[in-house]
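Undergrad: Sequence plus predicted model, see below.
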Amino acid sequence: MGGSNFVILPQKMIFDRCLSDGALRLYCLLLTYSSRLDMEVGVWPSRQTLATKMGRSLRQVGTYFRELVRAGYVTTERHGHRQTTRHLLGENDD
């Protein structure tokens, strides 16, 4: 991960009562993999890597991803059978 010790989080996520704490933590973790501040970069960590770093199961990480997608904070694109690109949406994206 990059040399930064913090991430920039869209403020609306902090006040989104429909978003679980775990989903918010996952989003923050995904931000640590992004290389640009505009947050529209595809990130590529495996679910296993994310689960390990969060101390959660693969199933729970999948639940958090579905929450983020449902809330519109993450979009996904499938590329073949096993490869997925995730895009983090910035504060001004709707």
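TA: Happy to help now that I have it.
Undergrad: Just give me the residue closest to the centre of the protein.
TA: Tyr27 (3.3 Å; CA atoms, centre = their mean).
Undergrad: and it, that's in a strand?
TA: No. Using DSSP: H, G, I helix; E, B strand; the rest coil, the secondary structure at Tyr27 is helix, not a strand.
Undergrad: Can you tell me which helix or strand of this protein has the lowest average pLDDT?
TA: Using mean pLDDT, DSSP states H and E, the weakest-scoring helix or strand in the chain turns out to be strand 42-43, at a mean of 55.
Undergrad: Please name every helix or strand in contact with the helix or strand following it.
TA: The helix or strand immediately downstream of strand 42-43 is helix 47-54, counting by DSSP states H and E. Using 3 or more CB pairs under 8 Å, 6 or more residues apart in numbering; DSSP states H and E, the elements in contact with helix 47-54 are helix 21-31, helix 58-71. Glycine gets a C-beta too; all of them are placed from N, C-alpha and C.
Undergrad: let's see it at 6 Å
TA: helix 58-71 (3 or more CB pairs under 6 Å, 6 or more residues apart in numbering; DSSP states H and E).
Undergrad: Sheet partners, orientation included, of whichever helix or strand comes after the helix it packs on?
TA: Heading C-terminal from helix 58-71, the first helix or strand you meet, by DSSP H and E, is strand 74-79. Applying DSSP bridges to the sheet, strand 74-79 is found paired with strand 83-88 (antiparallel).
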